[in-house]
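Participant: Mind folding the following:
(chains A and B, ligands or ions: 1)
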Amino acid sequence: MQPLRVHKGLVAPLNRSNVDTDQIIPKQFLKRIERTGYGDFLFYDWRLCADGSPDPGFVLNSPRYKGASILVAGRNFGCGSSREHAAWALSDFGFRVVIAPSFADIFLSNCSKNGMLTVVLPEDSVAHLLQNAEAKQNYELTVDVEKATVSDAFGFAAAFPIDPFKQYCLLNGLDDIGLTLRHQDDIARFEIARPSWLSGVGGS
Amino acid sequence: MPNPKTLFEKIWEQHLVRQAEGEPALLYIDLHLVHEVTSPQAFEGLRINGRKVRRPDLTVATVDHNVPTTAADRFDIKDLVAARQVEALRTNCAENNIRLFDIGSVEQGIVHVIGPELGLTRPGMTIVCGDSHTSTHGAFGALAFGIGTSEVEHVLATQCLLQQMPKTMRVEVSGKLPEGVTAKDLALGIIGRIGTDGGTGYVIEYAGEAIRALSMESRMTLCNMSIESGARAGMVAPDETAFRYLEGRRFAPKGAEWDAALAHWKSLATDPGAAYDRVVEIDAALLTPYVTWGTNPGMVAPITGSVPDPANATSDAESVSIRRALEYMDLRPGTQLADVAVDRVFIGSCTNARIEDLRAAARVLRGHHVHPKVRVMVVPGSQTVKAAAEQEGLDRIFKDAGAEWRESGCSMCLGMNPDTLSPGERCASTSNRNFEGRQGRGGRTHLVSPSMAAAAAVMGHFTDVRSWDYKD
Ligand code: SF4
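Facilitator: Next up, the predicted model:
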């Protein structure tokens, strides 16, 4: 996983709340067995008209936001299914940071496992950022993971809450399976103490 | 009682492998359910890193999302990408010694249907699956939640999961559910009340007289929908209803093991006086059958109600989202829900495709015929459910009424297989999500209970099943 320390990038505004994972990546793309290549399918039904042509009204089709790496959206972003494909698609499309007033739980953890930062800011700050991204050309934000701050060149600066463990993993690009495997002894000890009626449900 | 604890807290503590300052808890996982869609990249990750599945004996797989639901297509999946995914699961299970309920198995079915019916799901367990509706298994008093593919890989490799401790919410449902009001309506009523993000960050425990009175299958329906309010998990304290359901099931403990397990299960209920971070009280008597009108499960109204007017919204943001939803759903403010006509009816999914759901739908359909303009699909949740329904003759009732009786799978709950809505089609669905395009691009989904779906099938539009003309 690539470490994420300080990230400066172009902001794309997605002024919608309750953006669900079915919109972020529709189900027909979940049949693939690869982990990469989902960027083309991001917001597929919103980006493309029924005839397959790009919908000029959809924000990510606007040339202004080409190359955006920070997405700002409304509350409860990423609700719905557990599909990690949603995080893969955002990341593959080029997003490293998503900013919203709130996120769905599973989506949050899927992002952090893929080196993507989710930033929770109050509704009014998000509204301000959405407005700036719409009004100002090439509107950029700087996100500092270590200091846990978001700022722009026009005087906006805000701190955001970040879980210290998540912060540590992002800063160092750590794979948490590797971290857990360091505690094999604890796991083995726990397993010995499990009652026998809990074992043996599977195995062919 | 000194230091009273909630059901959730007990299970959490009993599964703590490690808790270090500033780190998430390391929780042991008792049962890991796997399906074809969210697992291939996890197995691939193990292979790349030279890691092994730590406990294949605590891992169980099935195919459900992609499988066709017609007998003819089942063994010959025409969609090659889907076929490759199913094949990948077979290979991964064979290579890693994992039990797979494959297509053709008499026990294949939707992962959240087969776990309970095989007795794999039990009280006090931690259960995860790469699927958000894993919350279903909380009906047994298990801590069960959905995870992403990286976490699937983590559990495969370590049989553990890193988790931040969630908050707890008690949803206390007093009184009795009125006739014609089901667990599905209760779930929709709760989401309508707390919102699609009201449960975010919480594990919900459903309690109270109305919950105690629910059958296990109804509790599963309710817990299944917990994720639609954003909750990490939903749970119900295990009681005699749960123990009776479990006894004798294929993988349930037997003999002395059963006695030991039972003693443990009886200790799990929340202690009197235990505290929750939030309490929500609901009076069951005030609930009605519900129909969703919008594009998330919180956009819901009683069947006696009408489509809301964005002009009456409490905020600009809400007004915008209502307008957007009505545009997608092609509905006008003020339209009575009972006047909304449907093209399709889907009775199925991990929310409502168990035998009691099928009985409820069949009871409505018996002696009636499906409206000539409506196409109805009934998709049992598992092959076990299918066999039981056929034993009782429910399949005859469905077919006589003009509905299609199909093979088990997720089917049109999300349309990853050939079962989908066409653009513009309107569907009364017993599934759990009415998101844009969920059942097929441009399709319009209204969530309802099985009996409400069956009634809509006959009438050709939504109708209040409380005044149904039952022919039994
Ligand atoms: S039935 Fe629907 S919600 Fe349930 S597991 Fe299948 S796709 Fe997911």
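
Participant: Return the list of helices and strands in contact with the longest helix seen in chain A.
Facilitator: Using DSSP state H, we find that the single longest helix of chain A is helix A:123-135. Other helices and strands packing on helix A:123-135, by 3 or more CB pairs under 8 Å, 6 or more residues apart in numbering or on different chains; DSSP states H and E, are strand A:6-14, strand A:70-73, strand A:97-100. The C-beta positions use only the backbone N, C-alpha and C, and glycine is treated the same way.

Participant: Quick check: what element follows that helix along the chain?
Facilitator: Sequence order places strand A:140-144 as the next helix or strand after helix A:123-135, per DSSP states H and E.

Participant: buried stuff in the helix or strand following that next one?
Facilitator: For strand A:140-144, the following helix or strand on the C-terminal side (DSSP H and E) is strand A:149-151. Across strand A:149-151, burial judged by 16 or more other CB atoms under 10 Å in any protein chain shown covers A:150-151.

Participant: neighbouring contacts of strand A:149-151?
Facilitator: Applying CB atoms under 8 Å, 6 or more residues apart in numbering or on different chains, the set of residues contacting strand A:149-151 from outside is A:99, A:119, A:121, A:141-144, A:156-160.

Participant: Would you list the strands that it pairs with, along with their directions?
Facilitator: strand A:140-144 (antiparallel), strand A:157-159 (antiparallel) (DSSP bridges).

Participant: Let me know the average pLDDT across that strand.
Facilitator: In this model, strand A:149-151 carries a mean pLDDT of 98.

Participant: Quick check: which element contains the residue nearest the centre of chain A?
Facilitator: Taking CA atoms, centre = their mean, the centroid of chain A lies closest to A:Cys111, which sits 4.2 Å from it. In this assignment (DSSP H and E), A:Cys111 forms part of helix A:105-112.

Participant: quick check, that helix touching chain B?
Facilitator: Yes: using CB under 8 Å from any CB of the partner chain, helix A:105-112 reaches chain B at A:105-106, A:109-110.

Participant: ok now do the closest residue to B:Ile397 other than its chain neighbours, which residues does it touch?
Facilitator: Computed as CB to CB, 6 or more residues apart in numbering or on different chains, the closest residue to B:Ile397 that is not its neighbour in sequence is B:Ala362, at 4.4 Å. Contacts here follow CB under 8 Å, 6+ apart; on that basis B:Ala362 touches B:389, B:394, B:397-398, B:454.

Participant: thinking again about what came up before, enumerate the positions of the helix holding A:Cys111 that are buried.
Facilitator: A:105-112.

Participant: just to revisit the earlier point, single out the most deeply packed of the helices and strands packed on helix A:123-135.
Facilitator: Comparing the helices and strands packed on helix A:123-135 by mean neighbour count (mean count of other CB atoms under 10 Å in any protein chain shown), strand A:70-73 comes out on top with a mean of 26.

Participant: Does B:Met412 touch B:Leu421 like I think?
Facilitator: Yes: counting by CB atoms under 8 Å, B:Met412 touches B:Leu421, with 7.1 Å between them.

Participant: Need the residues touching each of those two.
Facilitator: Among the neighbours of B:Met412, those also in contact with B:Leu421 (CB under 8 Å, 6+ apart) are B:427, B:439-440.

Participant: okay if I get those residues as CSV plus secondary structure, pLDDT and neighbour count?
Facilitator: Formatted as CSV, the shared contacts of B:Met412 and B:Leu421 follow (DSSP: H, G, I helix; E, B strand; the rest coil; pLDDT from 0 to 100; neighbours: other CB atoms under 10 Å in any protein chain shown):
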residue, secondary structure, pLDDT, neighbour count
B:Cys427, strand, 98, 27
B:Gln439, coil, 97, 28
B:Gly440, coil, 95, 23
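
Participant: can I get those in a markdown table with distance to B:His461?
Facilitator: Compiled in a markdown table, the shared contacts of B:Met412 and B:Leu421 are given as follows (distance: CB to CB, whole Å):
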| residue | distance to B:His461 |
| --- | --- |
| B:Cys427 | 13 |
| B:Gln439 | 18 |
| B:Gly440 | 21 |
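
Participant: which among those residues gets closest to B:Ser267?
Facilitator: For the shared contacts of B:Met412 and B:Leu421, the residue nearest B:Ser267 by CB to CB is B:Gln439; the value is 42.8 Å.

Participant: Would you list the phi and psi of the closest one?
Facilitator: Phi and psi for B:Gln439, reported as degrees, to the nearest 10, are phi -100, psi 10.

Participant: Show me what counts as buried in the helix or strand harbouring B:Glu327.
Facilitator: B:Glu327 is located in helix B:316-329, with elements delineated by DSSP H and E. Neighbour-count burial for helix B:316-329 flags B:317, B:320-322, B:324-326, B:328-329 (criterion: 16+ other CB under 10 Å).

Participant: and A:Ser62, how many neighbours?
Facilitator: When neighbours are defined as other CB atoms under 10 Å in any protein chain shown, A:Ser62 has 12 of them.

Participant: and the lengthiest strand in chain B with chain A, contact?
Facilitator: Using DSSP state E to define each element, chain B has its longest strand at strand B:167-174. No: applying CB under 8 Å from any CB, one finds strand B:167-174 out of contact with chain A, separated by at least 11.1 Å.

Participant: Longest helix in chain B, please.
Facilitator: helix B:80-96.

Participant: So which residues make contact with that one?
Facilitator: With CB under 8 Å, 6+ apart as the criterion, helix B:80-96 contacts A:31-33, A:204, B:34-37, B:39-40, B:43, B:52-53, B:56, B:59, B:61, B:63, B:66-67, B:77, B:98-100, B:102-103, B:156, B:416-417.

Participant: Out of the residues of helix A:105-112 next to chain B, the closest to the ligand would be?
Facilitator: A:Ile106 (13.0 Å; CB to the nearest ligand atom).

Participant: so what's that closest one scoring on pLDDT?
Facilitator: 95.

Participant: Was I right to think it contacts B:Gly130?
Facilitator: No: A:Ile106 lies out of contact with B:Gly130 (CB under 8 Å); the separation is 9.7 Å.

Participant: Need the overlap of contacts for these two.
Facilitator: Taking CB under 8 Å, 6+ apart as the contact rule, A:Ile106 and B:Gly130 both touch A:82, B:146-148.

Participant: Just flag the most distant two among those residues.
Facilitator: Checking those with CB to CB, the most distant pair is B:Gly146 and B:Gly148, at 8.1 Å.

Participant: Is there proximity between stretch B:175-193 and the ligand?
Facilitator: No: interface with the ligand: stretch B:175-193 contributes nothing (CB under 6 Å from any ligand atom), its closest point being 13.0 Å away.
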